[in-house]
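S.K.: With the input below, show me the fold.
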Amino acid sequence: MAEVQSSPDLPWTVRLFVSAASFAADASRRSNLTINRRLFNLFDYKPSPLTKPHKNLKSSDVVVVAADPSRNLWFRLYTPTAATTKLPIIVFFHGGGFVFMSAASKPYDDFCQRLARELPAVVVSVNYRLAPEHRYPCQYDDGFDVLKFIDDSQSTLFEGANLGQCFLAGDSAGGNIAHHVAIRASGHEFRDLKVVGILAIQPFFGGEERTESEKRLQSVPLVNVERTDWMWKAFLPEGSDRDHPVVNVFGPNAVDISGVDFPATIVVVGGFDPLQDWQKRYYEGLKKSGKQAELVVFPNAIHTFYAYPELDDSSVFINKVRDFVQSLSVNATETIQ
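M.R.: As a prediction, this is how the structure comes out:
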C-alpha cells in the first residue's frame, strides 16, 4: 500500500514564510497564556493604507466612532476606483487564532487588496481586539459593532457599496467570527445592510475530541494540536473546554440555529489542514439545520493557502469566491450616482 503523504509539496518561498510565521507565534506564546507582543510585532510588518490610488484601488483606516473609545476599534477600507456600478461589500475578519495579526498585517493587507480588485468588491477588514488580553466575546462584539457602524454611516465612505449585498468573510479564526457575527446580525433590524452570504475560509472550529485529521497531520505547516489548544485556552472564558458552543458549534452544547435566518455559506477546506474534519462537520451541520451551504475542498492545500498567489489553488480559490459572490449579488448593478 502506498504511504499517505503527510506534508505537501510547497515552493521554497511559501515554505520559508510559513516557517517564519510558525516560529514567531511559538516564540511569542508563553506557558501562562500571555503573549510577548513586542517580540511578535518584530515579525508582523504592517504597511500603510493606499491613500493614493494604486492599480485602481485605494484604502484607508477608519475608526468606529460609535464604539467605546478605549477599544480603539477600526477597520481598513478597500475601495476600487474604476467601478461604475455599486459593488458588493465584504466585511472581512482576519485569522491568527484570535491571538495574532491585525487588519494592517501585510499578508492580510495583500489578500484584501486582491479580493477588492479581483472580485471586485468593497472590502472592510476589521481590526478586532485580540486574546488573551481580550477574551470571548470581545471579537464578536467588535465584528457586530462594525456592521452597525456601516449601516448607520452618514458619510460617503460606502457610496460605492451596495449594502444590500453584504458578505461576512473570514479565514481561520476569522471564519469562526463571521459565523457568530452572522447569528447576531440575523436578530438585528438594519436600515440598509443585509447579510446575504458567508465566506468561511478554512474556519477555526474544534472540540474535545481529537479528529482523524488532527492526529494524522501533525507535521504540516502552521497548525497543530498544541498550538490550537493554546489558542482556545487564551480565547475562551477561564474554565471552559473545547466543547464550548462557540468552538464546537454543532457539538454537545450547540445552540440550535434551524430557526435562524442564516445566510448562504461557502466553506473552503484544505486537504493538508488538520482542522478539515471540523470544517466538514461545520458544513454538514449547516445542511442539517436547513441552511444553504457549499463545500469546496482543495486536496493539496495547507492552512492559509489562499494567501500565496504563487500557488495554483490560490487563483482557483479567487474564482470560486467570485462565482459565489456574483451568484448572490442580484442587485449589484445599481449605478453609482
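S.K.: Let me know how buried A83 is, in neighbour terms.
M.R.: For A83, the neighbour count with other Cβ atoms under 10 Å is 16. C-beta coordinates here come from the backbone N, C-alpha and C atoms, glycine included.
S.K.: Surely it touches R117?
M.R.: No. Contact criterion Cβ atoms under 8 Å: A83 and R117 do not qualify, at 10.6 Å.
S.K.: so where do the strands sit in the stretch 101-250 of the chain?
M.R.: Secondary structure of the stretch 101-250 of the chain (DSSP state E, counting those that start in this stretch): strands located at 122-127, 161-171, 195-201.
S.K.: Name the strands paired with the second one and say parallel or antiparallel.
M.R.: I take that to be strand 161-171. When pairing is defined by DSSP bridges, strand 161-171 lines up against strand 87-93 (parallel), strand 195-201 (parallel).
S.K.: Would you reformat those as a markdown table and include distance to A234, mean pLDDT and mean neighbour count?
M.R.: Listed next are those as a markdown table, based on distance: least, Cβ to Cβ, whole Å; pLDDT from 0 to 100; neighbours: other Cβ atoms under 10 Å:
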| stretch | distance to A234 | mean pLDDT | mean neighbour count |
| --- | --- | --- | --- |
| strand 87-93 | 17 | 98 | 26 |
| strand 195-201 | 22 | 98 | 25 |
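S.K.: right, and those - which one's nearest V14?
M.R.: With Cβ to Cβ, the closest approach to V14 among the strands paired with strand 161-171 belongs to strand 195-201: 17.0 Å.
S.K.: So what's the gap between that closest one and the chain middle?
M.R.: Centroid separation for strand 195-201 versus its chain: 10 Å, with Cα atoms, centre = their mean, to the nearest Å.
S.K.: Where does pLDDT dip in the protein?
M.R.: For the chain, the stretches with pLDDT under 70 are 1-7, 67, 330-337.
S.K.: mind putting the strands paired with strand 161-171 in JSON lines, distance to A121 included?
M.R.: Listed next are these as JSON lines, based on distance: least, Cβ to Cβ, whole Å:
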{"stretch": "strand 87-93", "distance to A121": "5"}
{"stretch": "strand 195-201", "distance to A121": "11"}
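S.K.: Looking at those, spot the one closest to Q154.
M.R.: Closest to Q154 of these, according to Cβ to Cβ: strand 87-93, at 16.4 Å.
S.K.: For stretch 37-47, which outside residues touch it?
M.R.: Residues from elsewhere that reach stretch 37-47, judged by Cβ atoms under 8 Å, 6 or more residues apart in numbering: 20-21, 23-25, 27-28, 100-102, 104-106, 109.
S.K.: Neighbour count and distance to Y78 added to those residues, as a markdown table?
M.R.: Formatted as a markdown table, the contacts of stretch 37-47 follow (neighbours: other Cβ atoms under 10 Å; distance: Cβ to Cβ, whole Å):
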| residue | neighbour count | distance to Y78 |
| --- | --- | --- |
| A20 | 11 | 26 |
| A21 | 19 | 23 |
| F23 | 11 | 29 |
| A24 | 17 | 25 |
| A25 | 21 | 26 |
| A27 | 13 | 31 |
| S28 | 20 | 28 |
| F100 | 23 | 21 |
| M101 | 24 | 17 |
| S102 | 19 | 15 |
| A104 | 20 | 12 |
| S105 | 22 | 14 |
| K106 | 13 | 14 |
| D109 | 23 | 9 |
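S.K.: of all the residues you listed, which two lie farthest apart?
M.R.: The farthest-apart pair in the contacts of stretch 37-47, when distances are taken by Cβ to Cβ, is A27 and D109, at 22.9 Å.
S.K.: Sketch out the helices for this protein, chain order is fine.
M.R.: Assigned by DSSP state H, the helices in the chain fall at 12-28, 37-43, 106-118, 138-152, 173-186, 212-216, 225-235, 276-288, 312-328.
S.K.: Figure out which of these is closest to A66.
M.R.: Closest to A66 of the helices of the chain, according to Cβ to Cβ: helix 138-152, at 5.4 Å.
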